[in-house]
Each structure stands twice: as structure tokens, then as C-alpha cells.
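Trainee: Fold the following, please.
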Amino acid sequence: MHTPITRRQTRNTALACVALLAGMLPPIAAADPWEETGRYSIGHTTLVITDTARNPDGSTPVTTPGRPLYVHVWYPTWAHPRGPIRYTWNNPVYNQNPGGSVYPGLPDTPALTFAGSTSAHEIAEGAALAEGRFPLLVATHGYEVAAAKNMPDTLESLASHGYIVVSVEHTGDDDVWYQTYFMENYVGLKLGPNPSIYAATIPERVKDVNFIIGAVLAGKADRSGAPFAARIDADEIGVLGYSLGGQTSLATVTGISTQSLPADRRVKAAFMGAGSNYGLLLNAADYANASVPLMFFGNDTGIAYANFNAFTGSPRKYRVDVAGWNHHVGGYQTSWCQDIHNSLVAINPGVFPQAFIAPSTLNPSDIANFTFDSTFYWSYTGAYEDGVYNFCPPSVFAGVTDAQLQAVLFGNPQILAAVSALQGSMPLEPALAIPETTRLTTDYALAFFDATLKHAERDPPDLGNPLVQVIRDCEHVAPHPFDLGPGDQIAFVPHGDSYRVTVRSGAALLPAGTAPLAVGGNGTAMLSYSGFSFPVPGTADPVTALFVSEDGAITTRTAGDYTGVDDNGSPWYTRGQLLLTGRLTIGALMKDLDSRAAASGGGVFGTYDAANQRVIVTYLGVPAAGTTEPNTLQVVINGSGEIDITIGALAATGPNYAPNILGTIGIGAGNTRAENLSRVRPVSFGALRNAAPIVVPFADGGAIYEQYDAGVRGACRADAH
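Mentor: Below is the predicted model:
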């Protein structure tokens, strides 16, 4: 769920057919209300299972005792739970490996000392397995995360509904591997060998899943009172994962033809949470090779949008889009804010900068705590962090000193002002609060696996969330190419609580400036100038600071993970990024751009024209990620409040992982209510060219924008349900 850097609520008991949303399963009689927990208590255990056919890094021929894999198992039990349990980030494969003696070929990492997160449900640790026959689910986590942090609330809930859930932690591609990498390469703390599977991440992950299925069926996870192998229905096996785990799950059932890795035909259903086609590893032949039901959930990455129709071999498939989905929060669920809080409390401010100057003088666990927290990067890349303020309660900072906050931000005091300014309004995005994202994930996963592995003739519940859009079996989207060209300028002029919008041709670009902004790698740069501010309709205070994203958007507050713009997601997801973020967003193009791929002299620029009281932001020759055709656009924000977007050149290419999505242009207030999301309609800027101005309401959840798309056609199954 992250990349390395340099770095319960009340249930809705209505059971309407989900065909009201978009038609998932055939209509049937209403069933009992859907519950978060099923009739079983939840058992849990952990163990290490070693694949003796591969080395720790997954390579062959074998010259070591094998590749150890740490796993969590949740399962149904009748035992009375004793309360919630703690999930830590400590992996015994690394953290209980003195001198590399227990698991040769792997380092011995200092253990983290903070408490870790509490399970969402009461757990009967080590309890006896319930009698019966149960489907097996194998779960796989996101990039450099941990098995216990991969949709933990959902995995617990699935066990209570009668599933044996085994979550594998991928050695060499988990968080503890990155902690080791950081401590060795940046702190200079030598910990021993640290084999990464980075070069072959997905194939080795798929082999881990294949191995774990076989190992569990062979009894290698069995223990006293828990004979898992004897009680698993081997004909009903599913896989699920989040982020890179979503692609791992998909590749498990498609196979990887370029790696001569076949599909695992033991698996009968696959649930992909926010998955992507990382590195474009899978191809059309792989997509068509999937022969089991599929559910793509979240879809803030574009594989299931651009390629949904290519899964022609799947007997049924669903795409569950959630507008404005937050990738990392959606994956960690209720562990998110707990881990942020606990890691902050554990930070010793004295570690910085000593960890980088004289690490031998420090307690290794202090270094580990600091390393973990300072590389919890999606929360602490700047003073204003999406994922903390947006989704956590203000108590996340309780008991945390100013010195601890500053230490995490490498001594930067800006975080103190941010906490003071925003803490009273936390969380900032109630429409997709953590309990609701968890509810959506759990209920759709449960509905999917009940239908595919338990063959239950019941619909998923009507989740009652207007942010959800469900597509079944086939997607048809007509092409909507760019109809704006060089010299077209869109002007948004404040007009009471509205904007007066005009589009004229023949406009010239202003000088961009000389020094590009440091925004490479989906980064963000703040622009603030003494004496400059501008009004926004419906906003009491004028805007004084702008945050320019590499990915084609300018906002009034930074975001630590996706900077509030489309990151290869579906158009429905992108609408949420523009309408639901709680901040003004100016979309110059809003798609995954790569300024580092611009030709010499190009990039993202920001400059202040003091004489005319205007800020000029220019995307100069910037291609979409993974493409070469450049985009040039300019946004001018005037002190009067007028916002002008001028087109230099628009490339008819989308980003690498979602080539259908050409981009989104316009402005959004960010305060649209969830129930009104579908009512906010795009405009046609091309139709306004050199025509009379129009006045568009903006203050009350407004947005004035247009989405461009290459279209999704492709063949669909003739016998689609």
C-alpha cells in the first residue's frame, strides 16, 4: 500500500436488491439483515511456515533452509472471546532472529516498542476451531505493509461468518524489510542480509500464495485443537488482497504468461481491493485466462476500468467503485489511526538527528521506532497530511508532545501550526469515514464470497451509500476526446455565490518562470506570497496558500498520499477527488502526470506576478505517467478571485495504468454532500467557446468541470448474466 521514499457502527438492515445500484446478482427474496459479525466467535493464531523449495528472496536453486513466511490465521470458533487483541508490526522472521541464526539469510531488526493496534472485534486467541467444513481464503497485503494490517477488520469479520482466513506476510516485500533497508542505508545501522524480492515482486508473491494454499491443505498450519486441513472445503478456495495484494490475488487466478507462471486453478474466486496492474505485468491473454468470478473493489487504480471487459473468461465479474476512496486508509481500516497515535507516542525526539550522526550511541529500538514513524510517509510528508486530519479523530494527537511531532517531521515546526488549525475539525471527510469504508469493504467481500464459495442465493445488502457505483460483467463508456485546443482559455469569475464562466479562443500563455517546482514523484509544492490572497465563492476567508501537485491539480491544502487528484482511478473515483475533499481544487488536467519525463526546459512551474497580483502555475510539456506525448496548460489565479485555465497542448493519452482516462479540467469546492454527488453534472467547455457566459452555482457543493475519456468498449461475454 505504500512505496519507498527518500523518503461498529449501526448496520443498515435494509436488504434491497443491489440491482438498484447497478445490478450485481439475480433478484431473489430478501434474506436476514446483513451483520458485521456472523454467528461464530473469531479465533486467531500466528505461525511461520517455511517454503523449503525457495531461498529467502524466492530464488532457486535452494542453498538455504528455505523462505520463511509469517502468517496470521483467523477462523471460526465457539470459544468465548476474552477481548480484543494487539496486532504489532514486529515480524518474528526478522525481529526474533539474533545474528541471523534462526532464519539464515535474513537480518535481525530491532523490535518496535509501541503497542500496535487493537483488533476491531473481540478475539479468542488460540481457541479451538469450530466443527464443520469451511471455505479457505488466502489474503495478501499491500506493498511493504504487514499481514495484520491488510484489511484487518474485514478478515476478522469473514472468519466470524465461517471462513478460515490465512493472511501471508511476504518476506522481502513487507514493512519490516523497508525498516531494515532504511536503517542500513540512511542510518548506517548494519543488520545483516536483507534480500528483497523487488525485482520479481508479483511473481514471488503469487508463489507465496500458491505455496500457502498447498501448505495449509497439507496440514502445515494445523495445531492442537485447530485441525484446519481436515475442516477446509478444498473445493471452495478464494483469494483476496489490497493494493499490491489486489494484483497478487488477480495474478493468482490469471497466471503470468510472461513469467510462465500458470493460474492456480484451486482458487475459485478472487476479490481485488484497490488493486493495480503494477509494472503492466499482466497482459490481455492473462486477463482472458481468469476463469473464476472476480470482484474489483475501490478502484482508485485504473486496471478494472480500462480493462474490465478484457476478463472474458470470468463467469461473472463486478466492479465496485467508491468515489473519493482513500487508498491507504481503506487498506488499514481501524488500525490506521491507532498505529499513527501509538507510533507518535513512542517517538524519542532525541533520536533525531543522532540516528543519522552517531547511531551507535542510541538504543536500537529507539532508532526502529523513529524509522517506522518517519517512514510512515503518507502521514508525514508535509505539515498537512491527508489520512490523519481527514480521517482520524483529534485524539490521535493526545499525549503527543510538540517535540515528538517535530521529530517525526525531521524538526519542521510547521506541523504544530497545522495541528492547531485543523484538530478542532477532525475528521474532515465524514462521507468516507473509516467505519464506513470498512463497512463497504466487509459487506461487499462477504457478499461476494458467500455467493461464489458458499453458493448462497442472496443479494448483498443495499449499503445505502451514494458514493458507490457497481458495474456488472460489462462496461460501455462512449469516447469523449478533448475538444479544447491551443489558445482556448476557460475563465471562472466570481459572481456572488457562483462563477461566471466563459471560454475564449486565441489566448496566449504567460511566462512560466525559470525554476521548476520540486514535485517529481507525485509530489506537492506550497506557493504562498506576502500580500497575496484571493476570494472563493461560498468561502468566508480568502485563500492565502496554494499547493501545486505534479498530478495536474492545485489545492488549498496538501495531501500526503494522492494529493487529492486522480491516480489512475475510474472517472467515478475522480469525481470524488474533485467534489468531496473538503478543499478548493483547481484541475488543470487532473491525472497521473510525470514532470520528470518532460523534455529539457519543461516541468511544473509556479511564479508570482506581483505587479498584476496573480499567481501563475504552468504545466509545461509534462506527459502522463508512462507516456511520451506532452501536455502544456497554465492556471492563473488572480487576486480578484478570477481563475483562468489556458490550454497550450493536450495529449490524447491517459496515464500508464489507465490509458482510457484522458483527464479532468475545472474547479471544485470540495464540499459536495455525498447524497448530491450524482447530481453534480459535468459541463461542456467546448460548447461555450466564444459564446455567452454562463453562471454556475458554486458555494453549496458546486463544481464546474469536464471529464475526458478515450472510452471503454471492447468485447463483452455474449452470455453475460
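Trainee: residues contacting residue 608?
Mentor: By CB atoms under 8 Å, 6 or more residues apart in numbering, residue 608 lies in contact with 527, 529, 532, 614-616. From N, CA and C alone the C-beta is placed, and that goes for glycine too.
Trainee: Buried residues in the helix or strand that contains it, which are they?
Mentor: Using DSSP states H and E, residue 608 sits within strand 603-609. Applying a neighbour-count criterion of 16 or more other CB atoms under 10 Å, one finds 603-609 buried in strand 603-609.
Trainee: one step back: among the contacts of residue 608, which ones are buried?
Mentor: When burial is judged by neighbour count using 16+ other CB under 10 Å, the buried members of the contacts of residue 608 are 527, 529, 532, 614-616.
Trainee: Report the separation between the residue lying closest to residue 523 once chain neighbours are set aside and residue 313.
Mentor: With CB to CB, 6 or more residues apart in numbering as the criterion, residue 523 has its nearest non-adjacent residue at 5.6 Å, and that residue is residue 550. Applying CB to CB, to the nearest Å, the value for residue 550 to residue 313 is 37 Å.
Trainee: Can you pick out the residue with more neighbours from the two?
Mentor: Remark: of residue 550 and residue 313, residue 550 carries more neighbours, 26 against 17, as counted by other CB atoms under 10 Å.
Trainee: In this structure the more buried one contacts residue 604, no?
Mentor: Yes. Applying CB atoms under 8 Å as the test, residue 550 and residue 604 come out as touching, 5.9 Å apart.
Trainee: who touches both of those two?
Mentor: Counting by CB under 8 Å, 6+ apart, the residues touching both residue 550 and residue 604 are 519, 595, 622.
Trainee: Three-state assignment for the last one, please.
Mentor: It stands for residue 622. strand (DSSP: H, G, I helix; E, B strand; the rest coil).
Trainee: where exactly do the helices run in the stretch 251-400 of the chain?
Mentor: 284-289, 303-306, 327-332, 335-346, 354-357, 364-374 (DSSP state H, counting those that start in this stretch).
Trainee: in what helix or strand does residue 234 lie?
Mentor: Following DSSP H and E, the helix or strand that holds residue 234 is strand 232-242.
Trainee: Report the mean confidence score over the strand holding residue 608.
Mentor: Predicted confidence along strand 603-609 averages 97 (mean pLDDT).
Trainee: CA atoms of that strand as CSV?
Mentor: Taking only C-alpha atoms (Å, rounded to 0.1, in the frame of the first residue of the first chain), the coordinates of strand 603-609 have been written out as CSV:
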residue,chain,number,x,y,z
GLY,A,603,8.2,20.7,-15.8
VAL,A,604,5.8,22.2,-13.3
PHE,A,605,6.4,25.9,-12.6
GLY,A,606,5.0,28.4,-10.1
THR,A,607,5.7,32.1,-10.1
TYR,A,608,4.2,35.3,-8.7
ASP,A,609,3.4,38.3,-10.8
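Trainee: Against residue 651, how distant is the closest residue to residue 602 other than its chain neighbours?
Mentor: Ranked by CB to CB, 6+ apart and with sequence neighbours excluded, the top spatial neighbour of residue 602 is residue 621, at 3.3 Å. In this view, residue 621 and residue 651 are 10 Å apart by CB to CB.
Trainee: Mutual contacts of these two, please.
Mentor: A shared contact of residue 621 and residue 651, defined by CB under 8 Å, 6+ apart, is any residue touching both; here these are 630-631.
Trainee: Any buried residues in stretch 472-485, and which?
Mentor: In stretch 472-485, counting by 16+ other CB under 10 Å, buried: 472-475, 477, 480, 482, 484.
Trainee: Name every strand pairing with the helix or strand where residue 665 lies and say which way it goes.
Mentor: Assigned by DSSP H and E, residue 665 belongs to strand 661-668. Each strand paired with strand 661-668, and its direction, by DSSP bridges: strand 585-587 (antiparallel), strand 703-709 (antiparallel).
Trainee: which residues are contacting the first one?
Mentor: Translated: strand 585-587. Residues outside strand 585-587 that contact it (CB under 8 Å, 6+ apart) are 552-556, 564-565, 577-578, 635, 637, 643, 645, 663-668, 670, 705.
Trainee: Drop anything exposed from those residues.
Mentor: Neighbour-count burial (16+ other CB under 10 Å) applied to those gives 552-556, 564-565, 577-578, 635, 637, 643, 645, 663-668, 670, 705.
Trainee: And the helices of the stretch 251-400 of the chain: which comes nearest residue 494?
Mentor: helix 327-332 (33.7 Å; CB to CB).
Trainee: what's the least confident helix or strand in this structure, going by average pLDDT?
Mentor: Across the helices and strands of the chain, mean confidence by mean pLDDT, DSSP states H and E is lowest for helix 303-306: a mean of 80.
Trainee: in the helix of greatest length in the chain, what counts as buried?
Mentor: Ranked by residue count under DSSP state H, the longest helix found in the chain is helix 434-452. Of all the residues in helix 434-452, those buried under the rule 16+ other CB under 10 Å are 434, 436-452.
Trainee: Likewise for stretch 332-351?
Mentor: Along stretch 332-351, the positions that meet the burial threshold by neighbour count (16+ other CB under 10 Å) are 332-348, 351.
Trainee: Now the terminal residues of it, how far apart.
Mentor: The first and final residues of stretch 332-351 sit 27 Å from each other (CA to CA, to the nearest Å).
Trainee: Next: stretch 141-151.
Mentor: By CA to CA, the extent of stretch 141-151 from end to end equals 8 Å.
Trainee: So for that stretch, mean pLDDT?
Mentor: pLDDT averaged over stretch 141-151 equals 93, rounded to a whole number.
Trainee: Please enumerate residues in contact with it?
Mentor: Where contact means CB under 8 Å, 6+ apart, the residues beyond stretch 141-151 that reach it are 1-4, 70-72, 87-89, 91, 117, 139-140, 167-170, 173-178, 201, 240-245, 273, 278, 331-333, 335, 339, 441, 445.
Trainee: No more questions from me, cheers.
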